[in-house]
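Asker: have a look at this fold, sequence not included:
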């Protein structure tokens, strides 16, 4: 094989030809041949030397050869020479980044494609492939037009359909894929996405299975389209392609690089979906992928920074969604890691990437902040305006000025931020998936400038900019935050100027936010509550619509959380707004004369957690008779959901079993819990919809209507107290009659609050204190004047005789007030009587719970027995006497006793399963802010917690007497209308009737109370 000449040898040949050329005139037949040969030799010399001078001379000679007149006796294929010139220009444009050459190459190749190339022995496929490559390079230089990608796709499709070598489409696709990604990273629209995706799908059909570039290119295109149309179909297809690359194991060394890219893309895609859709499952799947990727030691610095930042964002999202302190600490840990990465990194590209995080910028001293600003200002002048590099510098400058403003609070620094934002907005492509960001950030900064300066022009411009953002298609998944900010801005302007049109705009805007499928349900619920409040204050006709929307969202906002404890935390976080909304709506309906609807509303909006759990234990008897397989399937899902929902330990960690196997999916136990819960909920929703389509099951698991819940009054009146700031009312529900309304005085709301507050303060001083006794008497008297007197008068008017059973269904502060004991009631004989002397009162958390407690039990065909659970200790000297009273009942009902070391939590739960009656004599423990940790204190300080009780199923349960402190008391940080206490838990697990204590009880009262209670209970006189 002949050896290629060296540079020195080529120089000698070129010199020789130049001498020969100098001796002949331009008209000589060989002149053109020498010029063409010199062009070729110079190009060969360039390939060895990589010197621009050699390439420039080659291009010059090729150009001269083309323009020389034809020579007699020498044929020059001008088209071939022209193509060689084009390739030389392409080399120069690529090697030395000359945009003008790139433009010329594209134009020349387009011209060549219009010629009959076969005639000139120039392969058409080579020209077409070269044009694709040239267009790709033009995209990289940002020197082309908006149609470059579209033209490339057409050319690639042409190559894919021709019957030439597969090398040509391979080279063309290899140029197309990076160009697509480059265009996207430049912040520009990538079109036509549908055409790109079709082209790459066609490429998959002819390329070998191991050709990962096409798989990655198609996945990237689907990801870009997912960022514009948010289609889960595109997500699934892209993820399937990426997983196939990750799972592949070809022998080539390059495979590991493809797998790393695929893993990075899959993680990015999962994070993108989690940022668009508020599904907790998506958040956890992104979390797991990020955690797995960050565990890789081969991850480069730039990606490690980006994904560490993503991990911090997702951990913060987990904290905001579920209130987990572990997530808050994790977010802080990742933020600290980013700061450490920044402090240990050399200056360069990585520094530019890591400085885009506010937490990192905040770690720098002020002198460095100033230095950064000056350096970026200098860099801006070196970049072409409107280029991606120029915009990146402007973005960094805005960020650093924002950091400076956070320390100086100087409006001049914020104005610099605004200047940068305006320039960025002017060059933004709003059709790009993130093209809305410059406008959104400008709107926020303008509002901040208003807050800092009180200048109305900033507020007005902020409102105008945010209005424009709402019109941008790319902003669709993030419109909720824009609407929130716009509502805040308009509300601020209303306070300052009082313009009615701003109020109208707010009420017009809010429904878009409330119905936004890309926003968290809890956020939508909060906005709907604000809508109802502002519409009601303004007497706007949308009040009912707003309230109804809020009611539809309140339950959905809870089921997104996987456990009861977290659901309760969410309710607490909405305290003051969310927990009062059903009462607000009911008060509005009463105001409108809609009494039955108000009762339905109160039923829907109270004891949400118990209602949810009761729905998981709903009877399947009727469904089993109609469709046994469906009933069995739903019962199994309900049981799994119930077990999962209660999987909380006192420490707040998650108890979940994955079958004893370790799942290496990057998910922690809580993440797996969330994913499992979401899948079960999806299955259950689909199954319930299927059941509701069956004949006679249209109302299956739907909220009961008034016609159903009115049966709660079948054994006696139910008195509902709606305590609300808008208006408070008392409704008496009697069977076969419309609800009876007792209007209240204007100060009813405040007076009730004061009664509750006085009682709570006095109880803290102890039951034996003089102040407590005095306060209790005063509160009972105040309650009688506030509630008792009008209720007794109305019961008399309704013909309800004394000694009738009545049920209280209170709300808000009345859940903590002793309505049964209010008095004294004035009498002609001077004898002090209290409410419980006139009527036999009980309490119910909801009307549905009362109806449920009356359903006949299939387990009670035998003689019930009583289980006595006791833990007498030195602090309960009266417990032994109370135990004697209960054991003396053995002649009337069989009594079994669990006491001392035999009274373990497990033994107690098991004993409850086999006894219809239960009596507890022990300490009741209340944990502030932790209702599920409320417990009965047993032997050696073991605890039978509220959650233990709720988990149990007691088919034989009928009646329980809880002679312990705090069993029906609410903690200070709990929600009154949820009724999360031991008494409610005992009723939920199966007991039809329960006696509990609303606060601490005196030890000496236990024996006497039990003796009198059971004497009345077993007297056989039909009362009590």
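Answerer: The structure has been received and is ready for your questions. In this text, all values refer to a predicted model and were calculated from it rather than measured experimentally.
Asker: and residue 756, how far from residue 749?
Answerer: Look at residue 756 and residue 749: by Cβ to Cβ, to the nearest Å, they are 11 Å apart. Backbone N, C-alpha and C define where each C-beta goes, glycine included.
Asker: element containing residue 465, please.
Answerer: Element membership for residue 465 (DSSP states H and E) is helix 456-470.
Asker: just the helices in the stretch 901-1024 of the chain please.
Answerer: 905-912, 946-951, 982-988, 1005-1017 (DSSP state H, counting those that start in this stretch).
Asker: now the stretch 401-550 of the chain
Answerer: 411-426, 437-453, 456-470, 479-497, 500-514, 521-537, 543-559.
Asker: go on, the stretch 751-900 of the chain?
Answerer: Ranges of helices within the stretch 751-900 of the chain are 770-783, 789-797, 835-838, 847-853, 879-887, based on DSSP H, counting those that start in this stretch.
Asker: tilt between the second one and helix 770-783?
Answerer: Orientation of helix 789-797 against helix 770-783 (axes from the mean of the first three to the mean of the last three Cα atoms, to 10 degrees) gives an angle of 40 degrees.
Asker: list the buried residues for helix 789-797?
Answerer: Neighbour-count burial for helix 789-797 flags 790-792, 794-795 (criterion: 16 or more other Cβ atoms under 10 Å).
Asker: and that helix, what does it pack onto?
Answerer: When contacts are defined as 3 or more Cβ pairs under 8 Å, 6 or more residues apart in numbering; DSSP states H and E, helix 789-797 sits against strand 729-733, strand 740-743.
Asker: correct me if wrong: residue 725 contacts residue 749.
Answerer: Yes. Look at residue 725 against residue 749 with Cβ atoms under 8 Å: they come within range, at 5.6 Å.
Asker: more neighbours: which of the two?
Answerer: The neighbour comparison of residue 725 against residue 749 (other Cβ atoms under 10 Å) goes to residue 749, with 18 against 13.
Asker: which residues does that one contact?
Answerer: Applying Cβ atoms under 8 Å, 6 or more residues apart in numbering, we find residue 749 in contact with 723-725, 728.
Asker: equivalent analysis for residue 133, please.
Answerer: 90, 171-172, 175.
Asker: and those residues, which of them are in helices?
Answerer: Residues of the contacts of residue 133 located in helices (DSSP state H): 90, 171-172, 175.
Asker: model confidence for the spatially most central residue of the chain, exactly?
Answerer: Computing the C-alpha centroid of the chain and ranking residues by Cα atoms, centre = their mean puts residue 278 first, at 3.4 Å. At residue 278, the predicted lDDT confidence score is 90.
Asker: could you find the closest non-adjacent residue to it?
Answerer: residue 520 (4.3 Å; Cβ to Cβ, 6 or more residues apart in numbering).
Asker: how much space separates the one you found from residue 321?
Answerer: Between residue 520 and residue 321 the computed distance is 7 Å (Cβ to Cβ).
Asker: give me the common contacts of these two.
Answerer: When contacts are counted by Cβ under 8 Å, 6+ apart, the set common to residue 520 and residue 321 consists of residue 560.
Asker: where does the stretch 851-1000 of the chain have low pLDDT?
Answerer: Judged by pLDDT under 70, the stretch 851-1000 of the chain has its weakly predicted residues at 857-862, 972-973.
Asker: do that again at 80, thanks
Answerer: Where the stretch 851-1000 of the chain drops to pLDDT under 80, the residues are 856-863, 928-929, 955-956, 970-974, 976-977.
Asker: please apply the same query to the stretch 601-750 of the chain.
Answerer: 648-666.
Asker: which residue is the nearest non-sequential neighbour of residue 120?
Answerer: residue 79 is the one closest to residue 120 (Cβ to Cβ, 6+ apart), at 3.7 Å.
Asker: er, residue 589 actually
Answerer: The spatial neighbour of residue 589 that comes closest, neighbours along the chain excluded (Cβ to Cβ, 6+ apart), is residue 598 at 4.0 Å.
Asker: residue 591 is in contact with the one you found, correct?
Answerer: No. With contact defined as Cβ under 8 Å, residue 598 does not reach residue 591; the gap is 9.1 Å.
Asker: who's more crowded, those two?
Answerer: Between residue 598 and residue 591, counted using other Cβ under 10 Å, residue 598 has the larger neighbour count: 27 against 14.
Asker: what helix or strand is that one located in?
Answerer: With DSSP H and E as the test, residue 598 turns up in helix 595-605.
Asker: show residues contacting that helix.
Answerer: Helix 595-605 has contacts (Cβ under 8 Å, 6+ apart) with 547, 551, 554, 581-583, 585-587, 589-590, 703-706, 709, 720, 722, 731, 733, 738-739, 741, 809, 811, 846-848, 977.
Asker: which ones are touching residue 330?
Answerer: Counted by Cβ under 8 Å, 6+ apart, residue 330 has contacts 311, 315, 318.
Asker: just to revisit the earlier point, can you list the buried residues of helix 789-797 in TSV and add pLDDT and distance to residue 362?
Answerer: TSV is the format used below for these (pLDDT from 0 to 100; distance: Cβ to Cβ, whole Å):
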residue	pLDDT	distance to residue 362
790	97	60
791	98	60
792	97	64
794	97	63
795	97	65
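Asker: biggest separation within the residues you listed, which pair?
Answerer: Greatest spacing in the buried residues of helix 789-797, by Cβ to Cβ: 790 and 795 (9.8 Å).
Asker: mind listing what's buried in the helix or strand containing residue 632?
Answerer: Using DSSP H and E, residue 632 sits within helix 628-645. Neighbour-count burial for helix 628-645 flags 630-631, 633-635, 637-638, 640-642, 644-645 (criterion: 16+ other Cβ under 10 Å).
Asker: next SSE downstream of it?
Answerer: From helix 628-645 onward toward the C-terminus, using DSSP H and E, the following helix or strand is helix 669-692.
Asker: residue 741 reaches residue 591, doesn't it?
Answerer: No. The pair formed by residue 741 and residue 591 falls short of the contact definition of Cβ under 8 Å, at 10.8 Å.
Asker: can you get me a residue count around the residue nearest to residue 278?
Answerer: By other Cβ under 10 Å, 19 other residues sit near residue 520.
Asker: please apply the same query to the one 10 residues further on.
Answerer: For residue 530, the neighbour count with other Cβ under 10 Å is 20.
Asker: ok, now the one 10 residues further on?
Answerer: Per other Cβ under 10 Å, the neighbour tally for residue 540 reads 17.
Asker: gap between the two ends of stretch 727-742?
Answerer: 12 Å (Cα to Cα, to the nearest Å).
Asker: neighbouring contacts of it?
Answerer: Here stretch 727-742 has contacts from 587, 590-591, 595-596, 598-599, 710-714, 717-722, 743-744, 748-749, 752, 787, 790-791, 794-795, 798, 800, 847, using Cβ under 8 Å, 6+ apart.
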